[in-house]
Each structure stands twice: as C-alpha cells, then as structure tokens.
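Colleague: Predicted structure and sequence below. I'll ask about it afterward.
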Amino acid sequence: MSVSLAADGIKDVRPPLSDADVMSLRAGDRVRISGVIYTGRDAAHGRLLPLIEEGKPLPIDVRGQIIYYTGPSPARPGDIVGSIGPTTGGRMDKYTPALLQLGLKGTLGKGARGSVVKDALRQHKAVYFGAIGGAGAVLSQFVKKLEIVAYEDLGTEAIRRLEVEAFPAIVINDCHGGDLYEDGIRQYAREAS
Amino acid sequence: MRELHVSAITDAVKKLCMEANTVLEPDMLRAFDRALGTERSPAGRQVLQILKDNAELARTKHIPYCQDTGMVIMFVELGQDVRVTGGAFGDALNEGVRQGYTEGYLRASIVRSPFDRVNTGDNTPAVVHVDVVPGSLLRIMLMAKGGGCENRSKYKMLTPADGLPGVKEWILECVRTAGPDACPPLILGVGVGGTFEKAAILSKKALFRELGTPNSDPAVDTLERELLEAANRLGIGPQGYGGDTTAFGIHILTYPCHITSLPVAVTIECHAHRHKEITL
C-alpha cells in the first residue's frame, strides 16, 4: 500500500498510487505526500490534451502519479525552488478527465472542481488533494529536488519533476463522492442571529 | 515646478514590488491574529496559523509569500506641480516593475497578448491609474494582484429599483461564488456608482484602505460591517475548509451615478493582500 495511517492521524501518501490506495482516502483526510510528483498547469495541460487526443505518448508517464497545479517563482541562488503553492484546480477541469483515463491517480491544487471532474474521480478511482493556497513560502520547504522534464519554454508553466518530503495536503474530493468544501459549509454556515 | 527624475520613480517602484511580495503589511498580520481568536474550525485555525508562519518565512528568507507574485496595479497621484524629467513617466513605472521582478526572483506572470499568451518574461506591463492632484508630490500605491482571486471578481449593473437590498445580495453572491477558489479569507473591494469602468476602478482602489479601519462615511461603514458579518456566516472559512473566517474585510467606495444606473463592481482579493505605498 502506498497510503498508510501514521500515529498522528495523518495519512502518508507515496506515489505511485493504486486503485486500493485511492479508495482508502476520504474527503477531509490530512495527508503527507512523499516521493515524486509532477507540476503542470494551464499551458502544459494545453499541450498534453492534443497528444492524448491523437494517441501520442506524453512526456511523462502519468500512471499512478500526482500532478501538482503550480507555477513556482524562481529560486534564489542556493535554493531549490522559490515560492510553490497551488493554483486554482478548476481551470484544469477541461483536461483532467482525459488524464485520469490514462491512469493519473491524483491532482493537487486549490479550489472547487466541476461535476465532470468529480464524476471522473469516481469512474477512474482518483483523488483531488488541496494544498494551502498562498502558503508558497512554507510549502517550498517540503521540496527537496526539482528538475524540468518538459516544455522548458513555458517558464514557470513547464512540467517539473519534484521530489517532496512530507508535503502537507488534505483530501478535497475522494473517489466516493466526498467533498470537503461542501462538508465544511454544511458544518459552519450560520443563520443571521 | 518641482523636478523629479525618472530614475527615482523607477527605483521606488522596484523597491515596492520586491517588498510587497515578501513583507506582508501589518494590517494583514493583525487580521490573522484577530481571526485566530474567533475561528471555531480547527482546520481553519490551522490554516490561519500556517499563513502567519508563511508570512514570517517570506519576510525572513525573502521567498515570495505566494508563488503568484501577481500583476502589478498602481494608483498614482501625481502633483500638478511635479515635472518628470529624463524620460517617459509610464516607462519609468514599468521599468521599476521589470527590475523589481527580475532582480527580486519574482515570478513572471504576464502574457503579451490574451490570445497568443506568450509570457513577457519580466512581469510587465503594469496596470496604472493616474490622478493629477494639487501639490508637488508623487504618491504611488502599488498592489501585486493575484490571478486566482482576480478571476472571481465580478460586475453587475443593477437597477435603481434593486436598491440597497440588491447591492447587498449581489456582494454576498460574489463571496459565495468566489468560494474556496479565491483563497479565503478574502478582502472585497467594492465600487458602487459611477459608470461601468468607474465602479471597477473604485473596487480596486477600495482595497488600499488599511484593513480594520472604518469607512469615512458612517452609513457605508455600517453597511460594510453588516456585510462582513453576513459573509462570515456563510461557513466557507479559511481555504474553504469550513469555518467562520471567510472574509477579513469588505471595503466600499461610492461615486455619483446616472438616474438610470446602479453599477456594482466587486474585486475579490485573497489573503495574500500585498500592498505598499510611497510618496516621493
């Protein structure tokens, strides 16, 4: 299993993930991701989709993997990376189902996903993790290695291979229909007093 | 006439860009502390604490608070007795952005055309609003505006019959649709009145008021407080994980408008509210 529950109640997640791994995750679960994840956002996804539609190979093997929606700021000399927090996941909705069909098991971003993606998470057994938007300085501390693996010309939007250690995240949408955002509002919304 | 060389303007803008992205203003830090005292949700409190830690790490290690170091927006008050020398005023502002973003290891997030989407590489150009005012000073108010929250900003032309209830309802609807996507806790800049473009500009300018300070118009101040309470009853909470702190503030600016119109523009700003100003 690539998902295991630690003594502190947080689930350790180590890609590649299997269907069983994904099925063990529930909306609201706090996780720590360790190992290799890939970055990709709008422009990179815009290049991947035509390749998928034409049946051509992708520059990365997405099977079992996690794509982190982020475009880091440049590293200062001596640093591995600059600030590296999540960008809005919903903008990738158009591209996500095709990647999940190829075996991508996780996406990592912030903000709500559309029903097409939520359905695809159920159908293909995949999960949407959230990282704290706007905490890019803190999140940079969990990145241990970074290399550009595709589309270097896209600058911050290039696909990067990251090695992360105990990267903190939370399950927003699981493969059982759970949605942390909906649960949160249900729990905390108040009527006017 | 007071002469002001473009190099002084460029240097000032460069410094503002670099500082805005790594040193959060005290009003934001106070907002985190206030919310930590009232937030019921454990997940929400944890988010707020991490954001405070993030601000501290950004300041001490010179890492941008958020990787989206924004599009630069400047509101400039140019004294009518100032004569800018040595070059073009607009070029001086943009040169400051270019230097600040390249030398400050800030992200280049601007594409040269909305259609071909080729990155300009240095985060230029900025969006600049200039007012000519009496005097011989130059005041530059600068914001590094994130894209995720900007994408949730909205405009609606209401009717006079919609009135104040319509305005309230629309502003709360904007908070709801901003939801978790815009990185709450949010700050709302609201422009009411004027015209289509005037309301939008006011909604940006409203964000420069220090958080936690009252509106200078008592009636609008009451409205702001009422709306903030209502927004924080929605339950969205920090990062949308559920909680009481959906917004830190709602700032409203108004302007006279046509007898037929009730324009309302809402700029959504995230907790990475990076604003600085300087007077030369």
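Modeller: Okay, I see it.
Colleague: Could you use CA atoms for every contact and neighbour count after this?
Modeller: OK.
Colleague: From the contact counts, what lies against the lengthiest strand in chain A?
Modeller: Assignment by DSSP state E gives strand A:159-173 as the longest strand of chain A. Identification of packing neighbours for strand A:159-173 by 3 or more C-alpha pairs under 8 Å, 6 or more residues apart in numbering or on different chains; DSSP states H and E yields strand A:30-39, strand A:127-130, strand A:143-150, helix A:180-188.
Colleague: what ranges do the strands span in the chain?
Modeller: By default, I'm working from chain A. A:3-5, A:11-13, A:30-39, A:66-68, A:106-109, A:127-130, A:143-150, A:159-173.
Colleague: wait, chain B
Modeller: Secondary structure of chain B, counting by DSSP E: strands at B:2-5, B:71-79, B:82-85, B:127-133, B:138-145, B:154-158, B:186-194, B:247-257, B:262-269, B:274-279.
Colleague: ok, and which of those has the densest surroundings?
Modeller: strand B:262-269 (a mean of 28; mean count of other C-alpha atoms under 10 Å in any protein chain shown).
Colleague: Relative to it, what are the paired strands and their orientations?
Modeller: In its sheet, strand B:262-269 lies beside strand B:154-158 (antiparallel), strand B:186-194 (antiparallel), with partners assigned from DSSP bridges.
Colleague: which stretch among these comes nearest residue B:86?
Modeller: Among those, the nearest to residue B:86 by C-alpha to C-alpha is strand B:186-194 (35.7 Å).
Colleague: Excluding covalently adjacent residues, which one is nearest to the residue nearest the centre of chain B?
Modeller: Centroid check for chain B by C-alpha atoms, centre = their mean gives residue B:207 as the closest residue, at 4.6 Å. Once its chain neighbours are removed from consideration, residue B:207 has its nearest residue in residue B:189; the separation is 5.1 Å (C-alpha to C-alpha, 6 or more residues apart in numbering or on different chains).
Colleague: Can you check what angle separates the helix of greatest length in chain A from strand A:159-173?
Modeller: With DSSP state H applied, the helix covering the greatest number of residues in chain A is identified as helix A:42-53. Here helix A:42-53 points in a direction 90 degrees away from that of strand A:159-173 (axes from the mean of the first three to the mean of the last three C-alpha atoms, to 10 degrees).
Colleague: Pull the distance from helix A:42-53 to the chain's centre.
Modeller: Remark: helix A:42-53 is offset 17 Å from the chain centroid, using C-alpha atoms, centre = their mean, to the nearest Å.
Colleague: ok, residues contacting it?
Modeller: A:57, A:58, A:91, A:92, A:95, A:98, A:151, A:154, A:157, A:158, A:159 (C-alpha atoms under 8 Å, 6 or more residues apart in numbering or on different chains).
Colleague: Please repeat the previous calculation with a cut-off of 10 Å.
Modeller: Where contact means C-alpha atoms under 10 Å, 6 or more residues apart in numbering or on different chains, the residues beyond helix A:42-53 that reach it are A:40, A:55-60, A:69-71, A:87-89, A:91-92, A:94-96, A:98-99, A:102, A:150-152, A:154, A:156-159, B:117.
Colleague: Just put the helices and strands packed on strand A:159-173 in CSV and tack on mean pLDDT.
Modeller: Supplementary listing: these in CSV, determined by pLDDT from 0 to 100:
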stretch, mean pLDDT
strand A:30-39, 98
strand A:127-130, 98
strand A:143-150, 98
helix A:180-188, 96
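Colleague: Now distance to residue B:273 and mean neighbour count too, for these, in a markdown table please.
Modeller: Below are the helices and strands packed on strand A:159-173 laid out as a markdown table (distance: least, C-alpha to C-alpha, whole Å; neighbours: other C-alpha atoms under 10 Å in any protein chain shown):
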| stretch | distance to residue B:273 | mean neighbour count |
| --- | --- | --- |
| strand A:30-39 | 25 | 21 |
| strand A:127-130 | 21 | 29 |
| strand A:143-150 | 25 | 16 |
| helix A:180-188 | 23 | 19 |
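Colleague: among those, which is nearest chain B?
Modeller: Distances from chain B to each of these were compared by C-alpha to the nearest C-alpha, and the smallest falls on helix A:180-188, at 3.6 Å.
Colleague: if we can go back for a sec, quick one: the residue nearest to the centre of chain B and residue B:275 touch, right?
Modeller: Yes. At 8.7 Å, residue B:207 counts as touching residue B:275 under the criterion of C-alpha atoms under 10 Å.
Colleague: what's the burial count for the residue nearest to residue B:48 when sequence neighbours are not counted?
Modeller: For residue B:48, ignoring the flanking residues on the chain, the nearest one in space by C-alpha to C-alpha, 6+ apart is residue B:32 at 6.2 Å. Residues lying near residue B:32 (other C-alpha atoms under 10 Å in any protein chain shown) number 21.
Colleague: between the longest helix of chain A and strand A:143-150, how big is the angle?
Modeller: Computed by the same axes, to 10 degrees, the angle between helix A:42-53 and strand A:143-150 is 50 degrees.
Colleague: Okay, buried residues for helix A:42-53 please.
Modeller: A:42, A:43, A:44, A:45, A:48, A:49 (16 or more other C-alpha atoms under 10 Å in any protein chain shown).
Colleague: Any figure for the gap between the third one and residue B:160?
Modeller: To tie it back to what came earlier, the one meant is residue A:44. 46 Å (C-alpha to C-alpha, to the nearest Å).
Colleague: what's the answer for the second one, then?
Modeller: As defined by C-alpha to C-alpha, residue A:43 lies at a distance of 43 Å from residue B:160.
Colleague: Same question for the last one.
Modeller: Separation of residue A:49 from residue B:160 (C-alpha to C-alpha): 47 Å.
Colleague: Among the strands paired with strand B:262-269, which comes closest to residue A:178?
Modeller: Set against residue A:178 and scored by C-alpha to C-alpha, these come closest in strand B:186-194, at 25.0 Å.
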